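K.L.:
got a predicted model here, sequence first, then my questions.
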Amino acid sequence: MSRTFPTLDDVALISALTAPRGPFRRADVVAETGSTNVDLAAAAVADPAAWPDLSVLAANSQVAGKGRLDRTWEVPAGAAMISSVLFRPSDAAAHPGAPAFDPAGHAWLSVVAGIALCQAVAAGTGARAVLKWPNDVLLNGRKLAGILAQLVAPGAGRAGAAVVVGVGVNISQQRAELPVETATSLELETGAVVDRNVLLPAYLVRLAGLYRGLVAVGGDVLRPLAGGESIHAMASALMSTLGTDVRAELPGGRMLYGTAVGIGAAGELQLRDAGGVLHAVSAGDVVHLRRTGYDGGVGYA
């Protein structure tokens, strides 16, 4: 027997997210979409004036979600928390007085989303979610959420480049409803029924705050935000990949084994192989390995 879940309260969510209560300049909530990222990116290109910096699109159900490497992501209606946010960090009208935004900061917007989600999960459930490079959020070693960022209309118009960051969080799925053994949901891990109408604005408001802090320092992830740590420091503290032995599956089918030792200023993962050589991995999948799970780190294979 299939389960049903409470739908998103669009009126309450829009009120919580937009002025005068919230930081977003536009918020839309739809019953169903193919992909919030696809829809928001297309809208941002077609009518930039209607979709300003800090616009958000949330959906109760997503039937053709996209992940990295063109992977699809589908969930039962109401069982996941799905949203995409449009950022225009170089829009001077949206950020009067802010310094020029370093384009390298674009690559960090998905990480900022991951930080905000980890904070919201901790505040709402007490569970400690962590980041897995480059774009996953884990809970108890299993994938809780995926994040996908895409650059749209690069450099176009007075507002400069726009970036759409989508996040899909498994909320209520049971084990049989998850696509792979390594995935999980908040309900499975915490035993609690999580209300998306509470968690979604908690996540999005945190995301907007971190984003505005990053804009205020010109997109420099190494500079501390006002009254706090830098984005780089926050991410490093949450990054479960650091300090572990990993296999990086690189474009072209190459494999690189080593120990993840840091994150570079451009968001790349820094790996040290068995010979002591430091490698920068900017694209690819990373698999966490047990100490006995590989042959000691032979570099490229």
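P.N.:
Now that the structure is in, tell me what you want to look at.

K.L.:
when you work out contacts or count neighbours from here on, use the C-alpha atoms and nothing else.
P.N.:
OK.

K.L.:
what residues sit buried inside the lengthiest helix in the chain?
P.N.:
Among the segments of the chain that qualify as a helix by DSSP state H, the longest is helix 196-216. By 16 or more other C-alpha atoms under 10 Å, the buried positions in helix 196-216 come out as 196-197, 199-208, 210-216.

K.L.:
show me what the next helix or strand after it is packed up against.
P.N.:
Using DSSP states H and E, the helix or strand that directly follows helix 196-216 along the chain is helix 231-238. On a contact count with 3 or more C-alpha pairs under 8 Å, 6 or more residues apart in numbering; DSSP states H and E, helix 231-238 meets helix 109-125, strand 130-132, strand 255-263.

K.L.:
at 10 Å instead, please
P.N.:
Applying 3 or more C-alpha pairs under 10 Å, 6 or more residues apart in numbering; DSSP states H and E, one finds that helix 231-238 contacts helix 109-125, strand 130-132, helix 196-216, strand 255-263.

K.L.:
need phi/psi at residue 94.
P.N.:
Here is the backbone geometry of residue 94 (degrees, to the nearest 10): phi -80, psi -20.

K.L.:
residue contacts, the closest residue to it other than its chain neighbours?
P.N.:
Spatial nearest neighbour of residue 94, excluding adjacent residues (C-alpha to C-alpha, 6 or more residues apart in numbering): residue 53 at 6.8 Å. By C-alpha atoms under 10 Å, 6 or more residues apart in numbering, the contact set of residue 53 is 24-26, 44, 85-91, 93-95, 159, 162-163.

K.L.:
which of the three states applies to residue 53?
P.N.:
With DSSP: H, G, I helix; E, B strand; the rest coil as the basis, residue 53 sits in coil.

K.L.:
cool, and residue 137?
P.N.:
Judged by three-state DSSP, the three-state class of residue 137 is strand.

K.L.:
in contact with it, which residues?
P.N.:
Neighbour list for residue 137: 111, 113-115, 117-118, 129-131, 143-147, 167-169, 238-240 [criterion: C-alpha under 10 Å, 6+ apart].

K.L.:
could you redo the last one with a cut-off of 7 Å?
P.N.:
For residue 137, the contact set (C-alpha atoms under 7 Å, 6 or more residues apart in numbering) comprises 114, 129, 130, 131, 143, 144, 145, 146.

K.L.:
how near is it to residue 183?
P.N.:
Distance, residue 137 to residue 183, by C-alpha to C-alpha, to the nearest Å: 10 Å.

K.L.:
need the overlap of contacts for these two.
P.N.:
Counting by C-alpha under 7 Å, 6+ apart, the common neighbours of residue 137 and residue 183 are 143, 144.

K.L.:
which residues touch the longest strand belonging to the chain?
P.N.:
Taking DSSP state E as the criterion, the chain has its longest strand at strand 142-152. With C-alpha under 7 Å, 6+ apart as the test, strand 142-152 has contacts from 41, 67-68, 110, 135-138, 161-170, 182-185.

K.L.:
among these, which ones are in strands?
P.N.:
Among these, the members falling in strands (DSSP E) are 136, 137, 138, 162, 163, 164, 165, 166, 167, 168, 169, 170.

K.L.:
turn these into TSV, columns for distance to residue 178 and pLDDT.
P.N.:
Shown next, in TSV, are the ones in strands among the contacts of strand 142-152 (distance: C-alpha to C-alpha, whole Å; pLDDT from 0 to 100):
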residue	distance to residue 178	pLDDT
136	15	95
137	15	98
138	14	97
162	32	93
163	29	96
164	25	97
165	23	98
166	19	97
167	17	97
168	13	95
169	12	96
170	9	95
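
K.L.:
in a markdown table, list those residues along with distance to residue 276.
P.N.:
Output for the ones in strands among the contacts of strand 142-152, formatted as a markdown table (distance: C-alpha to C-alpha, whole Å):
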| residue | distance to residue 276 |
| --- | --- |
| 136 | 27 |
| 137 | 29 |
| 138 | 29 |
| 162 | 39 |
| 163 | 36 |
| 164 | 37 |
| 165 | 35 |
| 166 | 36 |
| 167 | 36 |
| 168 | 37 |
| 169 | 37 |
| 170 | 38 |
